[in-house]
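A.B. asks: pasted the sequence and its predicted model underneath.
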Amino acid sequence: MNTILLFTQNLHTRNTIRSAVASSSRIQGVSEPHQFWESLQSIACDCLFIDLAELEKLSSEEEAQELHPPAVIERIKRLRPMMGIVIIAANADIRRAVAYMKHGASTYITEPVDVDEMRLVLDEIQREWRQQSELAYLRERLWQGDTIDHVQTASPLMKKVVDNVKSVAPTKATVLLLGETGTGKSFTAKMIHRYSNRKDGPFISVHCGAIPDTLIESELFGHEKGAFTGAHRRKSGKFEMASGGTIFLDEIGTVTPAAQVKLLTVLQEGIYQRVGGETDLKADVRVIAASNGDLKQMCVEGLFRKDLYYRLNVFPITIPQLFERREDIPLFVDFFLQKFNQFETKNIQGVHPDVLHALMQYDWPGNLRELENLLERAHILETASQLTPESFPSELFERMEPVTEIAIDTSETLAAVRSKALADTERRYLKQLLLRNNGRINASAGEAGISTRQLNKLMHKYQLEKNAFKTGASHTK
């Protein structure tokens, strides 16, 4: 653990934490909200210890801007996605601390701070950080191959996206990817690069929203020695690193007005200068930009240059949200399970029907990223051969519409009622099974533990056609 950010007014807590990690980590203490936000933006912090009282003060500030308290955690995670967040709380306040954990905080410790407990927490966060880094590396390796021809989708909206990617990839056109956070803009940008004439060149991704305003120009265009305080040597910028390849500017709407001017020059004239430099450099790059905000509205509000917007908006592609492509959820579930099975010594195949039912009904505000994270957590917890409801948060099932029940006619015999209930259960089971297996008879029969002949007979009995469950088909039967 290299750098720990500490935000508390409690002198004893501060001294305890400092003394416990003094030999292994650098401690950056802050006492005011403005110092806190400045430190988050300017210092690469690995872990944050924050007093619950200070966190709730920040929450109240956010509420004044008509944002709910969890927005504070979300804002912190946007600035430092990999940073562990540890809440310091009194025993009486543990319930409130846990509420913040549901929105992204890592854990909590109680006051008075126990040194051994704190060290265990730090070890756990460091272990989790290593795991996340390894998973990120492995995921990147999995995306390395030619994937566009293997993108499976049953969504007409997503099929249009794939067609657009295939059309624009071989050209020199600037592409603007639009869509909510977690919809897959980064993956789409990589697909465009890998099917472009620049595929052998570098692909440089820049998360503009994660770079402090004072450093954005230097990060993008580089700087000369002595250009500003701390510029002890010449530094190449991301545009220089991407020469001959593609640069992906994520969250483009967050860049400063000065950087917007330089970006406009790059797109119009194909040249730029390092900060503090006078020599024009050629920008031999293909630009792909992305935004989860409405850039057109930002232009109206004077927050984004119209001329830059028009230069970026040559070929816009809107990535649909997950709730707009629910028919793809079973495909993603299978894909992510196969991926996680490679990372861990598990072989989990499929999900319980109740889980799939809940996944199909959930709204997915975090889109694909939320689905992946939820499945990854369940995969870690699961001990059975398929993902069961016990491995998922109970909140996932709270809004689930109950499965339609068979009306019971008490004038019928018990045998007749049982027969109807069995038929309904069998039909729903087969539908979920065929949906998950994309209509494949052999795979479905194997999972059901019956022969293909028996499965075909049951499908005929319940009027289920395998083609209705294949990719691209409507699953309404």
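C.D. replies: Ah, there it is. Numbering: from 1, shown residues only.
A.B. asks: and A443, what element?
C.D. replies: Counting by DSSP states H and E, the element that carries A443 is helix 441-448.
A.B. asks: just after that helix, pick out the following helix or strand.
C.D. replies: helix 452-461.
A.B. asks: other residues contacting that next one?
C.D. replies: 426, 430, 434, 441-442, 444-445, 448, 450, 464-466 (C-beta atoms under 8 Å, 6 or more residues apart in numbering). No exception for glycine: its C-beta is placed from N, CA and C like everyone else's.
A.B. asks: ok, now stretch 369-388?
C.D. replies: Contacts for stretch 369-388 (C-beta under 8 Å, 6+ apart): 135, 181-182, 322, 329, 332-333, 336-337, 340, 344, 346-352, 355, 359, 364, 366, 390-393, 396.
A.B. asks: just the buried residues from those residues, in PyMOL please.
C.D. replies: To isolate the buried members of the contacts of stretch 369-388 in PyMOL, using 16 or more other C-beta atoms under 10 Å:
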select buried, resi 181+182+322+329+332+333+336+337+340+348+349+350+351+352+355+359+364+366+391+392+396
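A.B. asks: just the ones of the contacts of stretch 369-388 in strands?
C.D. replies: Among those, no member is found in strands (DSSP state E).
A.B. asks: how many neighbours does E219 have?
C.D. replies: 19 (other C-beta atoms under 10 Å).
A.B. asks: which of the residues in the helix or strand hosting it are classified as buried?
C.D. replies: E219 is located in helix 216-221, with elements delineated by DSSP H and E. The neighbour-count check on helix 216-221 (16+ other C-beta under 10 Å) flags 216-221 as buried.
A.B. asks: what does stretch 225-236 give?
C.D. replies: 227, 231, 235.
A.B. asks: would you mind measuring from the residue most central in space within the chain to Y309?
C.D. replies: Per C-alpha atoms, centre = their mean, the C-alpha nearest to the average position across the chain is that of R369, at 3.2 Å. Noted for R369: a distance of 26 Å to Y309, by C-beta to C-beta, to the nearest Å.
A.B. asks: how about A378?
C.D. replies: Counting by C-beta to C-beta, the gap from A378 to Y309 is 41 Å.
A.B. asks: those two - which one has more neighbours?
C.D. replies: Neighbour tally, A378 and Y309, criterion other C-beta under 10 Å: the higher count belongs to A378, 23 against 20.
A.B. asks: quick check: next helix or strand after the lowest-mean-pLDDT helix or strand in the chain?
C.D. replies: Here the helix or strand of the chain ranked lowest by mean pLDDT, DSSP states H and E is helix 115-142, holding a mean of 67. With elements assigned by DSSP H and E, the helix or strand that comes after helix 115-142 is helix 156-168.
A.B. asks: which element, helix or strand, includes I380?
C.D. replies: helix 367-381.
A.B. asks: what mean pLDDT would you report for that helix?
C.D. replies: Averaged across helix 367-381, the pLDDT comes to 91.
A.B. asks: check stretch 428-441 too.
C.D. replies: The model assigns stretch 428-441 a mean pLDDT of 79.
A.B. asks: circling back to that earlier point, farthest pair in the contacts of helix 452-461?
C.D. replies: Greatest spatial distance in the contacts of helix 452-461: E426 and N442, 19.2 Å, computed using C-beta to C-beta.
A.B. asks: looking at those two, which is more packed in?
C.D. replies: E426 (14 against 10).
A.B. asks: quick check on that one: phi, psi?
C.D. replies: phi -60, psi -40 (degrees, to the nearest 10).
A.B. asks: grab the nearest non-local neighbour of it.
C.D. replies: Leaving out its chain neighbours, the residue that sits closest to E426 by C-beta to C-beta, 6 or more residues apart in numbering is L458, at 6.6 Å.
A.B. asks: check what pLDDT the one you found gets.
C.D. replies: pLDDT for L458: 88.
A.B. asks: and if you look at V314?
C.D. replies: V314 is given a pLDDT of 96.
A.B. asks: shouldn't it be in contact with V168?
C.D. replies: No: counting by C-beta atoms under 8 Å, V314 does not reach V168; the two are 9.0 Å apart.
A.B. asks: what is in contact with these two at once?
C.D. replies: Contacts common to V314 and V168, judged by C-beta under 8 Å, 6+ apart, are V175.
A.B. asks: between those two, who's got more neighbours?
C.D. replies: V168 (19 against 15).
A.B. asks: ignoring the adjacent residues along the chain, who's closest to the more buried one?
C.D. replies: Using C-beta to C-beta, 6+ apart, the nearest residue to V168 is F315, at 5.0 Å.
A.B. asks: which residues touch the nearest residue to R325 once chain neighbours are set aside?
C.D. replies: Distances taken as C-beta to C-beta, 6+ apart place S155 nearest to R325, at 3.6 Å, with adjacent residues excluded. S155 is in contact with 320, 324-325, 327-328, counting by C-beta under 8 Å, 6+ apart.
A.B. asks: helices along the stretch 251-400 of the chain, start to end?
C.D. replies: 257-269, 295-300, 306-312, 329-343, 353-361, 367-381, 395-398 (DSSP state H, counting those that start in this stretch).
A.B. asks: quick one: low-confidence parts of the stretch 51-200 of the chain?
C.D. replies: 59-70, 130-152 (pLDDT under 70).
A.B. asks: check contacts around F203.
C.D. replies: 189-190, 193, 242, 245-246, 248.
A.B. asks: tell me the one of those residues nearest K77?
C.D. replies: F248 (20.8 Å).
A.B. asks: what kind of secondary structure is the residue lying closest to V115 once chain neighbours are set aside in?
C.D. replies: Distance criterion C-beta to C-beta, 6+ apart; nearest residue to V115, sequence neighbours excluded, is A20 at 4.7 Å. Secondary structure for A20, judged by DSSP: H, G, I helix; E, B strand; the rest coil, is helix.
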